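Asks: Requesting a structural model of the entry that follows:
(one chain, ligands or ions: 1)
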Amino acid sequence: MLSPTANLKVDRRDGKLAMAHFYVAFIALALGGIAGLLQVLVRSGKFTLPAGIGYYQVLTVHGVVLGLVLTTFFIMGFQLAATSKTSGTFTNAQRRTGWIGFWLMTIGTAMAAVMILLNEASVLYTFYAPLQAHFVYYLGLTLVIVGSWFDGAAIILKYAQWRRENPGQPSPLMTFMSLVNTMMWIVATIGVAATVLLQLLPWSLGLVETVNVGLSRTLFWYFGHPLVYFWLLPAYMAWYVVIPKVIGAKIFSDSLARMSFILFLIFSIPVGFHHQLLEPGIDPAWKFLQVILTFLVVIPSLMTAFSLFATFETFGRSKGATGLFGWFKKLPWGDARFTVPFIGMAAFIPAGAGGIVNASHQMNQVVHNTIWVTGHFHLTVATAVILTFFGVAYWLVPHLTGRKLTKAMNKLALIQGALWAIGMTFMSGAMHAAGLLGAPRRSSFSEYGGSAQAAEWIPYQVAQAVGGSILFLSIILMLYIFFNLAFFAPKGEQDFPVGEVADEAEKSPMVYENWKLWLGVVVVLILFAYTIPFIDLIENAPPGAKGFKLW
Ligand code: HAS
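Replies: Sure thing, here's the model as predicted:
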C-alpha cells in the first residue's frame, strides 16, 4: 500500500528543485554526446580533430560530463523527487539544504568544465596521478561532491522526520532506497575527497613535489566501484518500484527489494581492488579477498533479476499467458515508460556477465586496459542505467512541469530507445570484440594506428563509429523530447507511478531500518579489506613519495 504520507503529486517547490538538477543533467548529455561522437570518429582513423583540440581533452569532457555530471545531477533530482513523493513535501529547511547542494554542484561543475575547455585538466574522469590537472579542476570536483552531500542531507533529514512521525513503521520503499544510495555515496566519496584534498590539491598547488600514486589510485577505486552502484541503484529503484506500476502489476516482494539494497550498501565499497588487479604495490591475498567480495556484490543483482522475472511472469499469467516465456507477449510494448527501461534491463544481462569476466582475477589479465572494458561500461552505465533514466524522464519531467507525455512523444521515445539498442549493439559489441583482440582503451589513433596489430582492429573501430553515430541521433531525439516535456507539451496530469506490494508478500521486518547495524557492518568490512593494504602502500611508497607518508 502507498504510504499515507505520500503526495499524489510532488509539491511544486520540490519539483522545481528536482527540475533544476535535470536541466544541468540534460545540458551535460548534449555536451557529452558531442564529445562521444568526436571520439568514435577519431578512433576510426578517418577523422582528425580540428583547431588543435586534443583527443584526451575530448575524452575528459566525455567522461566527466556524462559519467560524473549527468549521472550525479539526474540521480539527485530523481531521489529528491521520489522522497518528496513518497514521504511528503520537504520542509523549507530541508528544501533549502537541497538548493545549497544544487548550487555548490553547479558552481563546481562550471569550474571543472572551464579548466577542461582550457586544456588545463585533460586527465580523464579518473584523474589518475601522475597526470596532473589545474588545482581549480580538483576544487571544482570537490564542490560537486560537497554539494551532493547537501542534497543527500535533505533526503536523510526527510527520512529521519518520517521515522519520528511514524514510529515502528517501515519507511516508504522509494525513500528507503534513496536513503541507502545516499549513505553508500557519502561513505564512498570519503575516499575521493581524501585523495583530492590530501594529495592532489596540495600537489597541484606546488605545496609538495611528489604524490603517492599507488595510494591515490587505491583511494580513487575505494570510491570508483561504489560510484558505479550509485549509478545503478536509482535504476533498480525504477525497476523494483516504478515498472510494476507502469505495466499494471505488483511489486513481487518489498522485503527482497530492501534486502538487495542493504547488500549493495554492505558489499559495494570493499571491492575497489578488482580495478587494480594488475597494479603493483598491493598484496595478491588482499586482491583475492576483494575478488571474493566482488562476487558477493553480484548476488543482489541476481536477486533483482529474479524479482523482475517474477513480476513479469506473475503479471503475464494473470493476463492468461502460458508457457515459459508466454508473459513476454503480454507486456505493454507500446509504452515507452516501460519499453525504454526494459531495453536497459535486457542489456544488463550481457553487461553483468561481462562484469563477472572482468572480476574473475585471471581473466582480468586478458581484458584489462583493453577496449573490452569500455564496451562493458557502455552496456552497464551507458545502456542499462541511462535508458532507465530516460524512461524515468518520460513521465517524471511532465509530472513535475504539469504537462503530459503525448502519444507523439511516446512514439518518438520508442524510436529513441530502439536507436540506442541498435547503436549500442554495434558500438559495445565491436568494443568487446576488439578488446579481445587486444585493442587498447584510452589511446588515440595517432598512438596505435601505426602498430602492427592496428589493421586487425580497424574494422571494429569503424563499427564503433557507425554505432556511435546512431547513438548520437538517439541523444538528439532524447534532448528534443526532454525540452518538449519541460516547456512545450500540453498542460495536464502525468502520473508518478509507485507500485504496490503483492498481497501475498510478507511484511518487511524493521531490522532493515537498523542503521547502526548496517553502517557498523560497512565500517568493519572496509577496515578489514583496506587497513593493511593502506599501511603497505604508505610504508612501502617509492623514495620520492616517502617524505610525508601520504604523499
Ligand atoms: Fe563494472 C569496470 C566488474 C557492474 C561500470 N565497470 C567498470 C568500469 C565501469 C563499470 C565504468 O571486476 C570502468 C572503470 C574504469 O574507468 O576503469 N562490474 C563488475 C561486476 C559487476 C559490474 C562484477 N560495472 C557494473 C555496473 C556498472 C559498471 C552496474 C555501471 C553502472 N567492472 C568490473 C571490473 C572492472 C569493471 C572487474 C575492472 C575491469 C578492468 O580491468 O579495468 C556486477 O555488478 C554485475 C552484476 C550484474 C548481473 C546482471 C543481472 C541482470 C539483471 C537484468 C534482468 C533483466 C530482465 C529483463 C529481468 C549479475 C538485473 C529480461 C529480458 C529478457 C530479454 C528476457
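
Asks: any low-confidence regions in the stretch 1-150 of the chain?
Replies: 1-4 (pLDDT under 70).

Asks: closest point of it to the ligand, which residue?
Replies: Among all residues of the stretch 1-150 of the chain, Thr126 sits closest to the ligand, at 5.5 Å; criterion: CB to the nearest ligand atom. No exception for glycine: its C-beta is placed from N, CA and C like everyone else's.

Asks: What about that residue, how many residues nearby?
Replies: For Thr126, the count of nearby residues is 16 (other CB atoms under 10 Å).

Asks: ok, then the element right after the lowest-mean-pLDDT helix or strand in the chain?
Replies: In the chain, the helix or strand scored least confidently by mean pLDDT, DSSP states H and E is helix 445-448, which has a mean of 74. Once the chain leaves helix 445-448, the next helix or strand it forms, by DSSP states H and E, is helix 454-483.

Asks: Can you give me the neighbour number for Ala393?
Replies: The local packing of Ala393 (other CB under 10 Å) involves 26 other residues.

Asks: Also Val522?
Replies: Neighbours of Val522 (other CB under 10 Å): 21.

Asks: In which helix or strand does it reside?
Replies: Assigned by DSSP H and E, Val522 belongs to helix 515-539.

Asks: Next up, identify which helix or strand the residue of the stretch 1-150 of the chain closest to the ligand is on.
Replies: Here Thr126 is assigned to no helix or strand, by DSSP H and E.

Asks: before we move on, back to that, list the buried ones in the helix holding Val522?
Replies: Across helix 515-539, burial judged by 16 or more other CB atoms under 10 Å covers Trp518, Val522, Leu525, Ile526, Ala529, Tyr530, Pro533, Asp536, Leu537, Ile538.

Asks: same deal with stretch 347-365?
Replies: By neighbour count, and taking 16+ other CB under 10 Å as the criterion, the buried residues in stretch 347-365 are Ala347, Phe348, Pro350, Ala351, Gly352, Gly354, Gly355, Asn358, Ala359, Ser360, His361, Asn364.

Asks: mind exporting the strand or helix carrying Leu59 as CSV, just the C-alpha atoms?
Replies: For Leu59, the host element (DSSP H and E) is helix 55-62. Taking C-alpha atoms only, helix 55-62 is exported to CSV below (Å, rounded to 0.1, in the frame of the first residue of the first chain):
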residue,chain,number,x,y,z
TYR,A,55,42.0,13.5,-28.0
TYR,A,56,42.4,13.3,-24.3
GLN,A,57,40.7,16.7,-23.8
VAL,A,58,37.6,15.4,-25.7
LEU,A,59,37.8,12.1,-23.7
THR,A,60,37.9,14.0,-20.5
VAL,A,61,34.9,16.1,-21.5
HIS,A,62,33.0,12.9,-22.4
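
Asks: For that helix, give me every contacting residue.
Replies: By CB atoms under 8 Å, 6 or more residues apart in numbering, the list of residues contacting helix 55-62 from outside reads 31-32, 35-36, 38-39, 42, 49, 116-117, 119, 121-125, 442, 444-446.

Asks: touching the ligand at all, the helix or strand following that helix?
Replies: Using DSSP H and E, the helix or strand that directly follows helix 55-62 along the chain is helix 71-87. No: Helix 71-87 lies apart from the ligand when judged by CB under 6 Å from any ligand atom; the minimum separation is 8.7 Å.

Asks: for the host helix or strand of Ala346, the distance to its chain's centre please.
Replies: Using DSSP H and E, Ala346 sits within helix 336-359. Put simply, helix 336-359 sits 13 Å off its chain's centre (CA atoms, centre = their mean, to the nearest Å).

Asks: Show me what that helix is packed up against.
Replies: Contact partners of helix 336-359 among helices and strands, from 3 or more CB pairs under 8 Å, 6 or more residues apart in numbering; DSSP states H and E: helix 243-247, helix 284-318, helix 364-367, helix 371-379, helix 386-401, helix 407-436.

Asks: hmm, the third one touching the ligand?
Replies: Yes: Helix 364-367 is in contact with the ligand by CB under 6 Å from any ligand atom, via Asn364, Val367.

Asks: what's the answer for the fourth one, then?
Replies: Yes: for helix 371-379, a contact with the ligand is found by CB under 6 Å from any ligand atom, at Val373, His376, Phe377.
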